[in-house]
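Q: predicted model, plus sequence, below.
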Amino acid sequence: MKKEVANNNGFSLVELIIVIAIMAILVGILAPNVLRQLEKAKVSNDLETLSTICASIEYGLTDQAIMNDPASQALANYIDTTTTPIPITIFSQPTYASCELVNYIKEASKIGDFTQNGIMDRIKSRTTANSMVYFCRRGTAINPIVMWITETDSEGKRRKPSAPTTYEGITCEIAIN
């Protein structure tokens with residue numbers, strides 16, 4: 001009696017090429033969507049960071065114990081009277097770095113370093129090393145603080161550099177009543 005030997009040679013070259021082609025098509029379809037979602041996640045993270053900093057500034061400005069500090073009062077007056085964009089790095093300037101308001105903002109926002117490098121380490125959606133976070137009051141002291149990041153946008157798309165005076169990009173607005 002003859003034994004039949006199973007002919008198990010594996011996959012043919014044609015079958016492997018077809019599988020690789022199908023996988024390449026799937027990657028081509030899915031990759032742009034995955035990359036877009038990753039960019040939107042970065043934008044969402046940055047918006048949360050801005051919201052936290054905005055709220056910290058607003059709450060610090062309303063805390064009377066903090067406002068008893070002369071340096072904090074000077075910083076609050078500057079924030080409330082300046083209508084031009086203020087770079088977030090103002091909190092690292094020697095004049096204000098150790099005042100009660102800045103200490104409160106650092107503690108409440110969990111950002112210990114308000115230098116350019118420290119902030120840019122937290123901002124994930126920036127498009128260049130020149131991206132910066134700005135804030136100002138939208139009008140007078142009773143209006144909300146507006147905060148934005150230059151050289152990025154709220155749709156998670158890379159864009160050309162924007163001027164620091166425009167509220168383009170990822171924008172956060174907090175008003176404490």
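A: Good, I have the coordinates. Small disclaimer: the values here were computed from a predicted structure and weren't measured.

Q: distance of residue 63 from residue 33?
A: Separation of residue 63 from residue 33 (CB to CB, to the nearest Å) stands at 45 Å. C-beta coordinates here come from the backbone N, C-alpha and C atoms, glycine included.

Q: so which of these two has more stuff around it?
A: Legend: neighbour count by other CB atoms under 10 Å for residue 63 and residue 33, higher for residue 63 (14 against 9).

Q: isn't the more buried one up against residue 104?
A: Yes: the criterion here is CB atoms under 8 Å, and residue 63 meets it with residue 104 at 6.9 Å.

Q: show me the contact partners of stretch 64-75.
A: Applying CB atoms under 8 Å, 6 or more residues apart in numbering, the contact partners of stretch 64-75 are 60, 61, 76, 90, 95, 96, 98, 99, 100, 101, 102, 104.

Q: give me the buried subset of the residues you listed.
A: 60, 61, 76, 90, 96, 99, 100, 101, 102, 104 (16 or more other CB atoms under 10 Å).

Q: residue 110 reaches residue 52, doesn't it?
A: Yes: with contact defined as CB under 8 Å, residue 110 reaches residue 52; the gap is 7.3 Å.

Q: okay, these two: which has more neighbours?
A: Neighbour count, other CB under 10 Å: between residue 110 and residue 52, residue 52 has more, with 18 against 11.

Q: what's the distance between that one and residue 132?
A: Separation of residue 52 from residue 132 (CB to CB): 18 Å.

Q: residue 26: helix or strand, and which one exactly?
A: helix 13-62 (DSSP states H and E).

Q: surely residue 124 meets residue 46?
A: Yes: look at residue 124 against residue 46 with CB under 8 Å: they come within range, at 6.0 Å.

Q: neighbour count: these two, which is higher?
A: Neighbours per residue, other CB under 10 Å: of residue 124 and residue 46, the larger number sits with residue 46, 24 against 16.

Q: and the pLDDT for the more buried one?
A: At residue 46, the pLDDT value in this model is 84.

Q: and it, how far from residue 26?
A: Counting by CB to CB, the separation of residue 46 from residue 26 is 31 Å.

Q: of the buried ones among the contacts of stretch 64-75, which is the nearest to residue 42?
A: The closest of these to residue 42 turns out to be residue 90 (CB to CB; 24.8 Å).

Q: grab the nearest non-local neighbour of the closest one.
A: The shortest distance from residue 90 to any residue other than its chain neighbours is 6.4 Å, reached at residue 96 (CB to CB, 6 or more residues apart in numbering).

Q: am I right that that neighbour sits in a strand?
A: No: counting by DSSP: H, G, I helix; E, B strand; the rest coil, residue 96 is not part of a strand but coil.
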